[in-house]
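> The sequence and its predicted three-dimensional model are supplied below.
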Amino acid sequence: MWRRDVPLRHHPPGVFQRPGDGAEKGRLRAQWDELFKVIHSEKLGQVADEFDRIHSVQRALRVGALNEIIPPATLRPFLIRAVERAVVKEVESIAAEKLEAKAGGEVESISSGKSEAKPGVESAA
């Protein structure tokens, strides 16, 4: 629920009616402003309570917003393994790029089995 929806959804009828002209207008406006703050705060609290009743980590897991819930006792080993996997993946990626760059100057011809220079790339031999 968005903040802008709260006044329309949760305020009692008549709260948004403005007083007429006169000397009393300033006093009524101040009273209305104070009442609005109190009611607005109360309604925001009700909306927050409603949200908290509906939304939970378990619900997020159930609807697919989370992959898993990691208990605090296993968080450190989980993070270590995740970092190790990322490092291995990065090292493999860098090694593959270097191998590709090294082999990029020459390609093996399928028909003759001989090495030929790639167009636009000078051979190191």
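Now that the structure is in, tell me what you want to look at. Everything quoted here is computed from the prediction, not taken from an experiment. Numbering: from 1, shown residues only.
> Leu28 and Glu34: what is the separation?
Applying Cβ to Cβ, to the nearest Å, the value for Leu28 to Glu34 is 11 Å. C-beta: built from backbone N, CA, C; applies to glycine.
> higher neighbour count, those two?
Leu28 (13 against 10; other Cβ atoms under 10 Å).
> For Val87, see how far away the more buried one is.
Distance from Leu28 to Val87, by Cβ to Cβ: 68 Å.
> Likewise for Asp49?
According to Cβ to Cβ, Asp49 and Val87 sit 45 Å apart.
> where does Trp32 land in three-state SS?
Secondary structure state of Trp32, per DSSP: H, G, I helix; E, B strand; the rest coil, is helix.
> What about it, how many residues nearby?
Neighbour count of Trp32, defined by other Cβ under 10 Å: 15.
> what do you get for Phe36?
Using other Cβ under 10 Å, Phe36 has 14 other residues around it.
> does it count as helix, strand or coil?
Quick answer, by three-state DSSP: Phe36 is helix.
> okay, it: pLDDT?
Note on Phe36: pLDDT of 95.
> burial measure for Asp49, as a count.
Asp49: 10 surrounding residues under other Cβ under 10 Å.
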